[in-house]
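*Asks:* model this:
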Amino acid sequence: MVILYDNDSGAKSIQKTIKNVSNVTLTGAEAFVHITKNLYAVPTPLAPGATSSKIEDFFDATIKATAIGGKTFNDRVGFDANKHYGKTIFAHKVIRPKANTIDFTGFRPLLINLTAAVNKHKASVVAGP
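*Replies:* This next block holds a predicted model:
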């Protein structure tokens with residue numbers, strides 16, 4: 001099982017729980033963390049020079065610039081709902097209908113890290129206890 005989480009300030013409780021269970025102090029730069037048994041955590045990767053990331057960072061600027069009802073996308077907490085729409089509308093009204101035409105190339109670093117976690121688990125199962 002893999003827990004994917006945004007690598008930002010909103011993940012503090014997840015990071016604290018991971019540390020309490022696995023005794024691993026997270027830096028934010030790790031590709032994944034083995035928590036226990038078949039449980040792994042994968043943070044969204046950091047871009048060079050960045051100190052945080054979130055899943056929306058992996059979409060290109062064009063898709064994030066999509067206007068819905070005259071409003072633009074804003075993934076920050078406390079945005080002006082008269083001018084912007086948030087993550088839920090972005091997922092349901094932008095991503096879902098355009099899924100077949102969106103360029104998901106920006107997700108490659110995230111997919112590489114997810115694959116690494118799965119491969120690590122697969123190797124541990126093959127090796128046995």
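
*Asks:* residue boundaries of the helices in this structure?
*Replies:* Here the chain has its helices, by DSSP state H, at 12-22, 61-64, 87-89, 96-98, 108-127.

*Asks:* kindly state the pLDDT recorded for the closest residue to residue 29 other than its chain neighbours?
*Replies:* Computed as CB to CB, 6 or more residues apart in numbering, the closest residue to residue 29 that is not its neighbour in sequence is residue 46, at 6.2 Å. All C-beta atoms are positioned from the backbone trio N, CA, C, and that covers glycine. On pLDDT, residue 46 comes in at 94.

*Asks:* I'd say residue 46 and residue 7 touch.
*Replies:* Yes: Residue 46 lies in contact with residue 7 (CB atoms under 8 Å); the separation is 6.3 Å.

*Asks:* any shared contact partners between these two?
*Replies:* Common neighbours of residue 46 and residue 7, counting by CB atoms under 8 Å, 6 or more residues apart in numbering, are 28, 52-53.

*Asks:* among these, show me the least confident.
*Replies:* Out of the shared contacts of residue 46 and residue 7, that is residue 28, at 83.

*Asks:* before we move on, the earlier item: okay if I get the helices of the chain as TSV plus distance to residue 3, mean pLDDT and mean neighbour count?
*Replies:* Below are those laid out as TSV (distance: least, CB to CB, whole Å; pLDDT from 0 to 100; neighbours: other CB atoms under 10 Å):
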stretch	distance to residue 3	mean pLDDT	mean neighbour count
helix 12-22	7	92	14
helix 61-64	25	96	12
helix 87-89	18	96	12
helix 96-98	23	97	10
helix 108-127	10	93	13
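
*Asks:* understood, closing this out.
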